[in-house]
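A.B. asks: show me how the following folds:
(one chain, ligands or ions: 2)
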Amino acid sequence: MTTATMSEDLQELFDTTIADDQRIEPRDWMPEGYRKTLIRQIAQHAHSEIIGMQPEGNWITRAPSLRRKSILLAKVQDEAGHGLYLYSAAETLGADRADLTAKLISGRQKYSSIFNYPTLTFADVGVIGWLVDGAAICNQVPLCRSSFGPYGRAMIRVCKEESFHQRQGYELLMTMMQGTDAQREMVQESVDRWWWPALMMFGPPDDESPNTEQSMNWRIKRHTNDELRQRFVDMSIPQAEALGVTFPDPNLSWNEERRHYDFGEPDWSEFRAVIEGNGACNVERITNRRAAHENGAWVREAATVFAAREREGSQK
Ligand SMILES: [Fe+2]
Ligand SMILES: [Fe+2]
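C.D. replies: Ligands and ions are numbered 1, 2, ... in the order given. The predicted structure is shown next:
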């Protein structure tokens with residue numbers, strides 16, 4: 001068999017696997033573009049989980065009660081766990097974790113733009129749980145059926161925890177809404193700040209998202225950015241009504257014909273500016289992440305030496 005026909009066979013096997021909605025596993029042959037796209041997407045996702053610990057971590061020492069503090073600690077710790085599953089999934093594609101971290105702290109790989117906004121009040125903890133984790137769920141539930149096995153399986157567990165995060169955020173806001181006027185105002189002010197950035201989490205509009213089509217053909221992605229954004233808007237409006245808050249968009253209205261809510265256009269120039277590094281907290285987030293990495297160097301060195309000693313010991 002010639003090399004050419006062998007690689008054609010491999011491509012055909014890959015295509016059939018995708019067409020049959022079966023999974024591609026790490027040892028299977030896959031096109032280089034598929035591998036690269038997945039590494040980029042999974043790394044970006046992992047980085048978002050890890051950087052996403054910072055905005056809420058900001059409130060751990062100032063949580064208003066022991067109950068709220070322990071909930072918040074558990075939630076932030078979950079996000080660390082999500083990052084670790086995802087780095088492991090990227091490693092099954094041949095990526096090196098140290099290299100991914102180096103790319104994050106040198107700005108060569110991105111993370112979600114949402115985590116470059118500051119958390120100014122405790123209501124932000126609730127709103128992040130409700131809207132940011134809520135948007136993450138909309139994005140991630142279809143990823144449970146991603147064609148790449150390790151990614152899809154990691155997403156199943158991540159989504160279970162995300163839905164818990166969303167409910168804790170909503171419960172926190174419900175509690176605040178039943179409190180004083182000042183607390184209700186704090187919630188509304190927070191919703192006003194986070195609504196548009198949450199809509200931007202789905203990425204640019206479909207006609208400006210060049211990779212979407214290929215990712216959908218590979219069944220990495222199952223829905224377009226605009227479809228998911230619409231789903232999120234439709235889901236959030238009744239929740240806002242139950243809570244007693246409004247979204248800062250005069251164009252929100254039910255469209256009977258489409259059976260969906262109409263909504264306004266996010267400020268895409270703001271989105272691009274944040275992605276390019278000019279959001280309120282980009283520098284702070286990366287500086288913190290770099291410091292944590294550097295301060296952890298001795299732990300990595302000690303673990304490496306320990307592992308080598310263990311190996312030596314077991315050879316004797
Ligand atoms: Fe997460
Ligand atoms: Fe979360």
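A.B. asks: can we go C-alpha only for contacts and neighbour counts from here?
C.D. replies: Fine.
A.B. asks: got the residue ranges for the strands in the chain?
C.D. replies: Applying DSSP state E to the chain gives strands spanning 253-255, 260-262.
A.B. asks: what is the last one packed up against?
C.D. replies: Translated: strand 260-262. On a contact count with 3 or more Cα pairs under 8 Å, 6 or more residues apart in numbering; DSSP states H and E, strand 260-262 meets helix 225-243, strand 253-255.
A.B. asks: residues of the first one that come out buried?
C.D. replies: Of the residues in helix 225-243, 225-226, 228-237, 243 count as buried by neighbour count, 16 or more other Cα atoms under 10 Å.
A.B. asks: just the residues you listed now: which is nearest Gly169?
C.D. replies: When the buried residues of helix 225-243 are compared for distance to Gly169, the smallest value, 11.7 Å, is given by Leu243; criterion: Cα to Cα.
A.B. asks: just the pLDDT at the closest one, thanks.
C.D. replies: Model confidence at Leu243, expressed as pLDDT, equals 98.
A.B. asks: for Leu38, same thing?
C.D. replies: Reading off the per-residue confidence, Leu38 sits at a pLDDT of 96.
A.B. asks: next one: the one 10 residues further on
C.D. replies: Ser48 is assigned 97 on the pLDDT scale.
A.B. asks: neighbours of the nearest residue to it once chain neighbours are set aside, how many?
C.D. replies: With sequence-adjacent residues excluded and distances taken as Cα to Cα, 6 or more residues apart in numbering, Ser48 is closest to Tyr111, at 4.6 Å. Using other Cα atoms under 10 Å, the number of residues around Tyr111 comes to 21.
A.B. asks: surely Tyr111 and Gln44 touch.
C.D. replies: Yes. In this structure Tyr111 lies within contact range of Gln44 using Cα atoms under 8 Å: 5.0 Å.
A.B. asks: what lies in contact with stretch 241-257?
C.D. replies: Among residues not part of stretch 241-257, those counted as contacts by Cα atoms under 8 Å, 6 or more residues apart in numbering are 173-174, 177, 187-188, 191-192, 195, 240, 260-264.
A.B. asks: what comes up buried for it?
C.D. replies: When neighbours are counted by 16+ other Cα under 10 Å, the buried residues of stretch 241-257 are found to be Leu243, Val245, Phe247, Pro248.
A.B. asks: let's have the residues you listed in JSON lines, adding distance to Pro64.
C.D. replies: As requested, the buried residues of stretch 241-257 are exported to JSON lines (distance: Cα to Cα, whole Å):
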{"residue": "Leu243", "distance to Pro64": "21"}
{"residue": "Val245", "distance to Pro64": "22"}
{"residue": "Phe247", "distance to Pro64": "26"}
{"residue": "Pro248", "distance to Pro64": "27"}
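A.B. asks: next, count neighbours for the residue in the chain that ligand 2 sits nearest to.
C.D. replies: Ligand 2 sits closest to Glu162 of the chain, with a gap of 4.5 Å, by Cα to the ion. Other residues within reach of Glu162 by the criterion other Cα under 10 Å amount to 27.
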